[in-house]
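Participant: with the input below, show me the fold.
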Amino acid sequence: MEKARSQRDGTVDVDFMTDCERQLRTPLDVWAGNLSSSLESISRDGWSQSRVRSAAAHMNLAALVVANAGDLPSAERLCRTQLTWLAQVASESGDVSVLGSAVQPWVNLGRLHVLTGSIEESLPHFRLAEHLRDRKPVRLGPCRIQADMWQPLVAAEPDLPDVLWNVFVLDQLKAHLRTGDPARALSAAVTLREAAPAGTYRYIVEGEIIALLRSSRAEDALQLVAQAGPATTSDEIAFLLHQIAAATSLRRSEDARRLATGLSAFVTQSDLPSAEPATFLRQLKQLAYLLERLGEPHYALAVHLHGMRTCHERMDEPLFLNFIEGALRLAPEHGSASHWRSAREDLLASSLYAEVRRRRGASAALDHPSLRELVVSVEATAARVGPYVPAV
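Facilitator: Here you go, the predicted structure:
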């Protein structure tokens, strides 16, 4: 529906393109199996600060896996199970530093609220940075962080302030954009710019650009792109994609084609080691989409093919499907088309990702053995309180 609308009114589909700790979406059954095995190994011999932190990281990924499969209630249950477990470990061990691991499941609960449309309910989950800055107490479900606990939490996890400020900016902007009212995101950006540190500026600018493009204010978006000041190659690509999108929306086709074809030549001939693979693949998807909008099928095909090759090394199943279908759409008679069709059918038949399964009209694979086993593994790990060895 959105793409049909964008074709009619000249606006272009846009989303966040900068690096922001995305995960590659590898096959869910394999991912789930690896997490289950790791959780069993981590918790076998009791707990220490490092083991608690490792188990918590695995539990976060477990909730992500289950959510990607389309089971949001189970994902929420795993987040709450983790918070209860961390509160118990902190209480019985006396080591309050383990409560730093409560931040991620709390943030993830907010993200689940966004996915279910509960935007206002999600926002408090993204504002922990203010509590840290002001040294204010906060309650994360059963986990209570007192004002004097912030210092030991940061001492145990020095990157915690940066993590919380990135969440403060990115997740609030994404939540407001999710409402379909770009004006909310633009208003939020003003407040965020006043509160957040300079290190988050690129995310605020990108959120404003996206909101402007979704508001059919492409000229304003172009002016903001010029002020972005990207610090990395990956960010340069991200803001260049927004510049191309704005030029396309303004029907400045010659400028947009020049930028898009030049970028396609660059990204298809470069490994771009500075870019996170998950981010780079999303950038390729956006570039291919823009090239098709601009009537450049040969360049778009080259980008789709490069995306397919990249996925063979760093698999992301939903994006792999996107690149395959793009190649088939643009070159149905290509010499490799039969191989692409076979790969597409195999992926549609085997993938547990809800968004892939929807492409073939299938419901979420909620009862798949690997997913059931993963949920059981998280709950079993949380039930093992056992001896705790404090950090030396």
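Participant: pLDDT weak spots in the stretch 151-300 of the chain?
Facilitator: Regions of the stretch 151-300 of the chain meeting the criterion pLDDT under 70 cover residues 270-274.
Participant: recalculate using a threshold of 80.
Facilitator: Where the stretch 151-300 of the chain drops to pLDDT under 80, the residues are 270-275.
Participant: show me where it has helices.
Facilitator: Here the stretch 151-300 of the chain has its helices, by DSSP state H, counting those that start in this stretch, at 160-178, 182-195, 201-214, 218-225, 233-249, 253-267, 277-293, 297-313.
Participant: how far off helix 160-178 does the third one point, in degrees?
Facilitator: By that I understand helix 201-214. Helix 201-214 runs at 0 degrees relative to helix 160-178, counting by axes from the mean of the first three to the mean of the last three C-alpha atoms, to 10 degrees.
Participant: quick one on the thing from earlier: which one, of the helices of the stretch 151-300 of the chain, ends up nearest to residue 359?
Facilitator: With C-beta to C-beta as the criterion, residue 359 lies closest to helix 277-293 of the helices of the stretch 151-300 of the chain, at 15.0 Å. All C-beta atoms are positioned from the backbone trio N, CA, C, and that covers glycine.
Participant: now the closest one, how far from the chain's geometric center?
Facilitator: From the chain centre to the centre of helix 277-293 is a distance of 15 Å (C-alpha atoms, centre = their mean, to the nearest Å).
Participant: repeat that for stretch 161-172.
Facilitator: 13 Å.
Participant: my guess is residue 202 contacts residue 18. True?
Facilitator: Yes - Residue 202 is in contact with residue 18 according to C-beta atoms under 8 Å; the separation is 6.0 Å.
Participant: circling back to that earlier point, mind putting the helices of the stretch 151-300 of the chain in CSV, mean neighbour count and distance to residue 12 included?
Facilitator: Shown next, in CSV, are the helices of the stretch 151-300 of the chain (neighbours: other C-beta atoms under 10 Å; distance: least, C-beta to C-beta, whole Å):
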stretch, mean neighbour count, distance to residue 12
helix 160-178, 21, 15
helix 182-195, 16, 14
helix 201-214, 24, 7
helix 218-225, 19, 8
helix 233-249, 23, 4
helix 253-267, 17, 10
helix 277-293, 23, 7
helix 297-313, 20, 14
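Participant: can you lay out those as JSON lines showing distance to residue 340?
Facilitator: JSON lines is the format used below for the helices of the stretch 151-300 of the chain (distance: least, C-beta to C-beta, whole Å):
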{"stretch": "helix 160-178", "distance to residue 340": "33"}
{"stretch": "helix 182-195", "distance to residue 340": "36"}
{"stretch": "helix 201-214", "distance to residue 340": "31"}
{"stretch": "helix 218-225", "distance to residue 340": "34"}
{"stretch": "helix 233-249", "distance to residue 340": "25"}
{"stretch": "helix 253-267", "distance to residue 340": "20"}
{"stretch": "helix 277-293", "distance to residue 340": "15"}
{"stretch": "helix 297-313", "distance to residue 340": "8"}
